[in-house]
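Visitor: got a predicted model here, sequence first, then my questions.
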Amino acid sequence: MTRTPYGSADFDTRQFRTAMGQFCTGVTVITTIDDGGAPAGFACQSFAALSLDPPLVLFCPKKTSRSWKVIEHSGKFCVNVLSNRQQDVSAAFGAPGDDKFRHVTWDPSPAGLPVIRHALTWVECDVERVTDGGDHHIVIGRALTLGEVLQDKPLLFYRGGYLSTEHPRVTPAQAELENFLTWTGGDTWL
Ligand SMILES: Cc1cc2nc3c(=O)[nH]c(=O)nc-3n(C[C@H](O)[C@H](O)[C@H](O)COP(=O)(O)OP(=O)(O)OC[C@H]3O[C@@H](n4cnc5c(N)ncnc54)[C@H](O)[C@@H]3O)c2cc1C
Ligand SMILES: NC(=O)c1ccc[n+]([C@@H]2O[C@H](COP(=O)([O-])OP(=O)(O)OC[C@H]3O[C@@H](n4cnc5c(N)ncnc54)[C@H](O)[C@@H]3O)[C@@H](O)[C@H]2O)c1
């Protein structure tokens, strides 16, 4: 196995992606609608809940993203949180294409934005602020409407692929106990 030397500042883009890929995330599809009523959207893992009061979220689209241009113009977007049955949806929205909605069923949110059928939940937002993030924008949105929550498992993205979520849910206390019982790093921490 090739490893980037620990502490090396001499890394390339592939090594950076490999490192960032160790951070497991969920997958969303961020959607909007254009002036003519045509839907737009893209797969997005750089999504986070940002603030409770006020209720803010953030996501980071590439500056070249065509979906972002439509969101910027409409001023609103809908975050669809994908379930583990929706790998095909993630794949369709994660690649350039002019008709990403061809194979998905969607319903309009209160503001008319695409809510993808069978998503775990959705949140409709207004664009509040946009700041610079290198070759991406950092988009902060104010949550306006929340969708219902489905009892299903999330789609996870890890090391550039999808991860099964079939394992039973482990609570933080169980994980701590498991770590304690399987710790092999000596007892210097005691
Ligand atoms: C699990 C997952 C998570 C992802 N997370 C993110 C994320 O957090 N942020 C992010 O920005 N992306 C993310 N992506 C990638 C993103 O979903 C894809 O790049 C997607 O195609 C973007 O769609 P778009 O509509 O924004 O851009 P698109 O319009 O599909 O364009 C994507 C790129 O292709 C170029 N392009 C498009 N059409 C043409 C054409 N006809 N001719 C030449 N060039 C063209 C564009 O200039 C742009 O650089 C993720 C993908 C996956 C699978
Ligand atoms: N934030 C993003 O823009 C982002 C995130 C994930 C995947 N993608 C794109 O989706 C496609 C599939 O990805 P993959 O299977 O090759 O996985 P990958 O091995 O490229 O992804 C590993 C990790 O690298 C980071 N990453 C990858 N591309 C990035 C980008 N353009 N900007 C910022 N961070 C990025 C993400 O943290 C990702 O989890 C690729 O074209 C990739 O660029 C983009």
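Guide: On my side now, so go ahead. Ligands and ions are numbered 1, 2, ... in the order given.
Visitor: ok, whichever strand in the chain runs longest near ligand 1 or not?
Guide: Determined from DSSP state E, the single longest strand within the chain is strand 121-133. No: figure legend: strand 121-133 not in contact with ligand 1 (CB under 6 Å from any ligand atom); closest approach 10.0 Å. The way it works is simple: take the backbone N, C-alpha and C, and place the C-beta from them, glycine included.
Visitor: enumerate the residues of this structure near ligand 2.
Guide: By the rule CB under 6 Å from any ligand atom, the part of the chain lying against ligand 2 is Arg17, Met20, Gly21, Gln45, Ser46, Cys60, Lys62, Gly94, Phe157, Gly160.
Visitor: near ligand 1, which of those show up?
Guide: Answer for the residues of the chain next to ligand 2 near ligand 1 (CB under 6 Å from any ligand atom): Gln45, Ser46, Cys60, Lys62, Gly94, Phe157.
Visitor: buried subset of the residues of the chain next to ligand 2 as a ChimeraX selection?
Guide: Selection command for ChimeraX covering only the buried members of these, criterion 16 or more other CB atoms under 10 Å:
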select :45,46,60,62,94,157
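Visitor: put together a markdown table for the residues of the chain next to ligand 2, with pLDDT and secondary structure on each row.
Guide: As requested, the residues of the chain next to ligand 2 are arranged in a markdown table below (pLDDT from 0 to 100; DSSP: H, G, I helix; E, B strand; the rest coil):
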| residue | pLDDT | secondary structure |
| --- | --- | --- |
| Arg17 | 95 | helix |
| Met20 | 96 | helix |
| Gly21 | 96 | coil |
| Gln45 | 98 | coil |
| Ser46 | 98 | coil |
| Cys60 | 98 | coil |
| Lys62 | 98 | strand |
| Gly94 | 97 | coil |
| Phe157 | 97 | strand |
| Gly160 | 94 | coil |
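Visitor: next up, the contacts around the residue of the chain found nearest ligand 1.
Guide: Relative to ligand 1, the nearest point of the chain is Gly94 (2.7 Å; CB to the nearest ligand atom). Shown in contact with Gly94 (CB atoms under 8 Å, 6 or more residues apart in numbering): Phe42, Ala43.
Visitor: show me the strands in this protein, by range?
Guide: 25-26, 28-33, 39-44, 47-51, 56-59, 76-81, 106-108, 114-116, 121-133, 136-146, 156-158, 161-163.
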